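Enquirer: any chance you could fold what I've pasted below:
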Amino acid sequence: MKPIIRVENLSKQYTIESLQEQPIEIPSTAGMTTKVVKGSLWTLAGQVLPMAASLVTAPFIIRLLGAESYGVLILVGLIPNYFSFADFGMGMASTRFASEAYGRGDSKAEAEAVRTSTLIAFLTSTLIALPILLFAGTIISELNVPDGLKATATLALRFTSLTFVAGILSNVLNTPQLSRLRMDLNALINALTKVTATAGTAVVLYLGSSIAGAAAYLFVVNAIGLIAHIFVSGSLLKHLYGFTIDRSLVRPLLKFGTGLTISGLAAIFLINLEKLLVTKLISVESLAYYSIAFTFANMATMFSWSMVQSLIPAFSQLLTPDKKDQFNALFSRTIKLSVIWLLPSLMVLFVVAKPFFSIWAGPDFGRESPLPFYILLAGLLFNIIAYVPYSSLVASGRTDLVAKIHWAELAPYLIVAVVLIRYFGIAGAAMAWSVRVIFDAALFLVLTRKFVGVSLGVRQIAWAALAGLFVLVPSMVIALYNNYSWLLAVSLPLSLTVYLFVVWRYFVTTEERHWFAGRIPSPFRRLAIFNSLTR
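Expert: Predicted coordinates for the structure are as follows:
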């Protein structure tokens, strides 16, 4: 019989064998703001590099294939992407549940959460990928692909369906990296995979391969990326390699994933609705003008969306009563940080928009696109802030609330968009989008306060935003009157300088100043100017 050791004040009994196991080490949650900011920057870099590679290689691929074949290559890559919900939300679900276990120091539970999520994601994505693989020929025939390209397009679509599954599994099996906020590792693997895929496609085509050969190459690269995620995650989480799953976790994971999936389906309509209405109610040409404005404005969301990947595991680790103060501090600081960097960024975008559209897309776009772009910027101010309460709701498991909000606003959004587009054209489309995202931001903040119990501190942030806008508005007014005025050369740097002074002096706390000073390289900290800044 095994000897029993009783521990005073505890009802559990521990065998000698259990006491000899490795003790639980609860990871430190100190410096979470720094980890989130670093992680967000790494994720942003991991998005920007592939984008740059695509911009460089796309002209070569177009010339190697010709417009028709290039269109087919894009088509076979797009088809599975319309089923991005096929992971059933397991990417975020794995991050949320595994991060919670990691925060408790329970590596076995963390590993089982990842494996259980992976199994669900594999099954749900296969349900979508398998029919595409089996009926690829029929799908290609129905899409009016030229006869001479049908065979290679069919084979390419089959490879793409396999790549689709590999990508979904990568987004689940990278969870140990996200739980530990090792966004550098995750971003590095993702960026290398995408850059290698993009650049290598041009090389493969240059060597004489077909569209199917390019698709096969993309599958191999993504499979290697999946293996890299498994290896790196396994080195961070030693219990990852195994075959057991947590059956009791299946239902919570599916409940969490259902909310994300239903929300994602509604988001597809919400994101594209006003664009479809512009085409229907005005013209395809107007859609082009609006799409350029929308795409350029949406670039401002890249950092905030990158921050979501860091915030969800960070919030998940802090969702305990003893870490309430840390949770509130991280919540308020990330909103404050979003506002501080967003205001000058939007001002600069406002100033350069008209010249940029004219030079980059042509004088017609320089005439038609700026007005909807200016209106979209107003919505972006609130939309980007909404990423923080959205992340806290997801981390707390309330994805059902997000789904209900998105589906509930579909009908009202349709009505508002139709009315505004009929009366104001593409400017009305921008108004409809901005009104919706402002409503979302306000509702997410209220729900976060009610269901997550966050202390918002909105008043101080609102005053900071108003003060910042007051300082930055003069340059925007000048740009609205004349984007090429010499006054902008004076007002723009002056506005930015005064803005930084006001923010630093009145809206950044002493603790935050010291945090910022700690990020400055040590040789510069000795300079008098930096010493005065931290006072």
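
Enquirer: for Thr175, give me its contacts.
Expert: Ser94, Thr95, Ala98, Ser99, Ala113, Val114, Ser117, Ser233 (Cβ atoms under 8 Å, 6 or more residues apart in numbering). (Each C-beta comes from the backbone N, C-alpha and C, glycine too.)

Enquirer: ok, those vs Leu410, which is closest?
Expert: Nearest to Leu410 out of the contacts of Thr175 is Thr95 (Cβ to Cβ; 27.2 Å).

Enquirer: skipping adjacent residues, who's closest to the closest one in space?
Expert: Excluding its sequence neighbours, the residue lying closest to Thr95 (Cβ to Cβ, 6 or more residues apart in numbering) is Leu178, at 5.0 Å.

Enquirer: what do you get for Val503?
Expert: Leaving aside its sequence neighbours, Val503 sits nearest to Ile340 (Cβ to Cβ, 6+ apart; 5.7 Å).

Enquirer: could you report the distance from that neighbour to Ser69?
Expert: Applying Cβ to Cβ, to the nearest Å, the value for Ile340 to Ser69 is 47 Å.

Enquirer: hmm, Ile421 is touching Glu274, no?
Expert: Yes. Between Ile421 and Glu274 there is a contact under Cβ atoms under 8 Å: 7.0 Å.

Enquirer: neighbour count for those two, which is higher?
Expert: Glu274 (28 against 24; other Cβ atoms under 10 Å).

Enquirer: anything in contact with each of Ile421 and Glu274?
Expert: Ala429, Ala432.

Enquirer: I'd guessed the residue nearest to Thr95 sits against Pro313; true?
Expert: Yes. When contacts are counted by Cβ under 8 Å, Leu178 is listed as touching Pro313 (5.0 Å).

Enquirer: got any residues that touch both of these two?
Expert: Contacts common to Leu178 and Pro313, judged by Cβ under 8 Å, 6+ apart, are Thr95, Ser99.

Enquirer: surely Tyr387 meets Trp305?
Expert: Yes. Assessed by Cβ under 8 Å, Tyr387 is found in contact with Trp305 at 6.7 Å.

Enquirer: more neighbours: these two, which one.
Expert: Tyr387 (22 against 15).

Enquirer: quick one, what contacts that one?
Expert: With Cβ under 8 Å, 6+ apart, Tyr387 has these contacts: Thr301, Ser304, Trp305, Met307, Val308, Leu311, Ser338.

Enquirer: gap between it and Ala378?
Expert: Taking Cβ to Cβ, one finds Tyr387 at 17 Å from Ala378.

Enquirer: check Ala199 too.
Expert: Distance of Ala199 to Ala378, given as Cβ to Cβ: 38 Å.

Enquirer: quick one, strands of this protein?
Expert: Along the chain, the segments classed as strands by DSSP state E run 4-6, 13-15.

Enquirer: what about the closest residue to Phe256 other than its chain neighbours, neighbour count?
Expert: Nearest residue to Phe256 in three dimensions, chain neighbours excluded: Ala93, at 4.6 Å (Cβ to Cβ, 6+ apart). Residues lying near Ala93 (other Cβ under 10 Å) number 31.

Enquirer: how about the contacts made by the nearest residue to Asn186 once chain neighbours are set aside?
Expert: Leaving aside its sequence neighbours, Asn186 sits nearest to Gln177 (Cβ to Cβ, 6+ apart; 4.4 Å). Gln177 makes contact with Met183, Leu185, Asn186, His229, Val232, Ser233, Leu236, according to Cβ under 8 Å, 6+ apart.

Enquirer: please repeat the previous calculation with a cut-off of 7 Å.
Expert: Residues near Gln177 by Cβ atoms under 7 Å, 6 or more residues apart in numbering: Leu185, Asn186, Val232, Ser233, Leu236.

Enquirer: quick one, domains of this protein?
Expert: 1-245, 254-455, 457-535 (automatic domain parsing).

Enquirer: how close does Phe444 sit to Leu401?
Expert: From Phe444 over to Leu401 the distance is 9 Å, taken as Cβ to Cβ.

Enquirer: on that earlier part again, so the residue nearest to Thr95 sits against Ala314, correct?
Expert: No. Using Cβ atoms under 7 Å, Leu178 makes no contact with Ala314, being 9.7 Å away.

Enquirer: read off the pLDDT value for the residue sitting nearest the centre point of the chain.
Expert: Taking Cα atoms, centre = their mean, the centroid of the chain lies closest to Trp305, which sits 3.2 Å from it. Looking at Trp305, its pLDDT reads 70.

Enquirer: how close does it get to Leu311?
Expert: Using Cβ to Cβ, we find Trp305 at a distance of 10 Å from Leu311.

Enquirer: where's Lys38 relative to Val351, distance?
Expert: Distance of Lys38 to Val351, computed by Cβ to Cβ: 30 Å.

Enquirer: neighbour count winner among the two?
Expert: Val351 (21 against 17).

Enquirer: tell me the confidence at the nearest residue to Ala465 once chain neighbours are set aside?
Expert: Leaving out its chain neighbours, the residue that sits closest to Ala465 by Cβ to Cβ, 6+ apart is Val339, at 5.4 Å. On pLDDT, Val339 comes in at 80.

Enquirer: any idea how far Val339 is from Trp463?
Expert: For Val339, the distance to Trp463 - Cβ to Cβ - is 11 Å.

Enquirer: with neighbour numbers in mind, choose between these two.
Expert: Neighbours of Val339 and Trp463, each counted by other Cβ under 10 Å, are more numerous for Val339; the result is 19 against 12.

Enquirer: my read: the more buried one touches Ala467, true?
Expert: No. The pair Val339 / Ala467 is not scored as a contact, 10.7 Å apart, by Cβ under 7 Å.

Enquirer: let me know how buried the closest residue in space to Val416 that isn't next to it in sequence is, in neighbour terms.
Expert: Distance criterion Cβ to Cβ, 6+ apart; nearest residue to Val416, sequence neighbours excluded, is Ala432 at 5.2 Å. Counted with other Cβ under 10 Å, residues neighbouring Ala432 total 24.

Enquirer: for Ala432, what are its contacts?
Expert: Glu274, Tyr413, Val416, Ala417, Leu420.

Enquirer: Gly77: which of those residues is nearest?
Expert: Closest approach to Gly77 among the contacts of Ala432 (Cβ to Cβ): Glu274, at 25.4 Å.

Enquirer: what bits of the stretch 151-300 of the chain have low per-residue confidence?
Expert: Low-confidence segments of the stretch 151-300 of the chain, defined by pLDDT under 70: none present.

Enquirer: can you give me the helices for it?
Expert: Secondary structure of the stretch 151-300 of the chain (DSSP state H, counting those that start in this stretch): helices located at 175-179, 183-206, 211-236, 247-281, 284-298.
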